[in-house]
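Asker: Predicted structure and sequence below. I'll ask about it afterward.
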Amino acid sequence: MSQQTTSVHATGVEPDERTRDRVLTAVLEHGPISAAQLGELLGLTPAAVRRHLDSLTKEGLIEVKLVSNAKSGAGRPARRYVVSKRGQTEIGDDYLQIATQALNEISGIRGDAGVVEFAQRRFALMEAKYQPLVDAAGEDVAARSKVLATALNADRFVATSNSLNSGTSMAAEQLCQGHCPIQELASSFPQFCDAETEVFSRLIGVDVRRLSTMASGGHVCTTHVPTGRAVVRKLAVVPAGPQNPVSSVSNHQQERP
């Protein structure tokens with residue numbers, strides 16, 4: 001039996017349904033991910049990976065994202081695979097139904113303010129975790145943005161921070177996230193995207209602007225961080241709570257890129 005199992009994995013051949021589920025789960029956990037990375041991760045041949053990726057794509061369970069080179073931004077965008085909304089449903093979204101029901105009840109009792117407070121409390125944990133890391137980067141806005149991207153990436157947000165228009169008054173960092181663990185929830189409750197944007201603004205210390213979100217149909221979540229004339233402001237972090245809701249930071253005062 002062990003020899004047969006070894007042979008099966010060595011040739012990249014196993015029951016199609018099991019391989020399909022492994023590929024789908026791997027895309028969910030590690031996406032955006034390339035076909036080559038999937039093959040290496042799962043021990044499958046390139047042919048086997050392509051066959052299952054093509055099948056899952058045709059079924060509408062995964063989709064392709066074109067991701068630019070994180071280091072240089074040059075060259076043709078690379079193909080990366082992510083789980084689609086339909087795929088998320090097939091894998092199972094009981095948590096989503098429960099969370100949506102709970103937030104609808106909060107909204108019914110306390111209105112939009114209740115949902116906003118809930119979202120702010122959730123992201124307060126992220127803010128507390130990342131604040132020391134970002135502060136260690138000093139007062140350079142670009143450096144703070146890149147450290148934040150590294151912290152997000154460590155938590156599997158698939159984040160990058162790319163420099164744009166360096167050396168000019170329009171210089172900026174484009175902070176991108178290729179994965180959002182609450183994408184479906186945020187589609188119904190955009191207050192979560194707003195709360196996350198406000199946290200980014202406080203962490204980096206400048207007004208930022210969200211250009212796109214996956215929750216609203218974007219391929220990635222993109223945040224514009226101006227650096228050309230930006231000066232880091234010092235803000236005290238106030239724990240969110242019924243008596244001390246997180247103070248909002250305007251994301252609409254900056255110049256457009």
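Answerer: Ah, there it is.
Asker: Now do the buried residues in stretch 21-37.
Answerer: 22-24, 26-28, 30-35, 37 (16 or more other CB atoms under 10 Å). Just so you know, the C-beta spots here come from the backbone N, C-alpha and C atoms, and that holds for glycine as well.
Asker: again with stretch 101-116
Answerer: Here stretch 101-116 shows Leu103, Ile106, Ser107, Gly114, Val115, Val116 as buried, counting by 16+ other CB under 10 Å.
Asker: Could you give the average pLDDT over it?
Answerer: Stretch 101-116 shows a mean pLDDT of 92.
Asker: Which pair of the buried residues of stretch 21-37 spans the longest distance?
Answerer: Greatest spatial distance among the buried residues of stretch 21-37 (CB to CB): Arg22 and Pro32, at 17.7 Å.
Asker: that's a strand at Gln174, yeah?
Answerer: Yes - counting by DSSP: H, G, I helix; E, B strand; the rest coil, Gln174 falls inside a strand.
Asker: And it, how far from Ser107?
Answerer: According to CB to CB, to the nearest Å, Gln174 and Ser107 sit 33 Å apart.
Asker: Could you do Leu24 as well?
Answerer: In terms of CB to CB, Leu24 sits 33 Å off from Ser107.
Asker: so what's the residue lying closest to Leu38 once chain neighbours are set aside scoring on pLDDT?
Answerer: In space, and not counting its chain neighbours, Leu38 is closest to Val49: 5.2 Å by CB to CB, 6 or more residues apart in numbering. With respect to pLDDT, Val49 scores 91.
Asker: just Pro77 next, same as before
Answerer: pLDDT, Pro77: 74.
Asker: Now do the contacts for Glu105.
Answerer: Under the criterion of CB atoms under 8 Å, 6 or more residues apart in numbering, Glu105 has no neighbours.
Asker: would it count as being in a helix?
Answerer: Yes - judged by three-state DSSP, Glu105 forms part of a helix.
Asker: Roughly how far does it sit from Val115?
Answerer: Going from Glu105 to Val115 by CB to CB gives 10 Å.
Asker: what about the helices in the chain?
Answerer: Residue ranges of the helices in the chain, as given by DSSP state H, are 2-10, 16-30, 35-42, 46-58, 85-91, 94-110, 112-135, 141-154, 183-188, 191-204.
Asker: Out of those helices, which gets nearest to His219?
Answerer: That would be, of the helices of the chain and by CB to CB, helix 183-188, which comes in at 11.6 Å.
Asker: Sketch out the low-pLDDT regions of the stretch 51-200 of the chain for me.
Answerer: Scanning the stretch 51-200 of the chain for pLDDT under 70 picks out 68-75, 88-95.
Asker: Switch the helices of the chain over to CSV; also include distance to Ser166.
Answerer: Listed next are the helices of the chain as CSV, based on distance: least, CB to CB, whole Å:
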stretch, distance to Ser166
helix 2-10, 47
helix 16-30, 31
helix 35-42, 30
helix 46-58, 37
helix 85-91, 37
helix 94-110, 41
helix 112-135, 20
helix 141-154, 9
helix 183-188, 31
helix 191-204, 17
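Asker: what's the most buried one of those?
Answerer: helix 191-204 (a mean of 23; mean count of other CB atoms under 10 Å).
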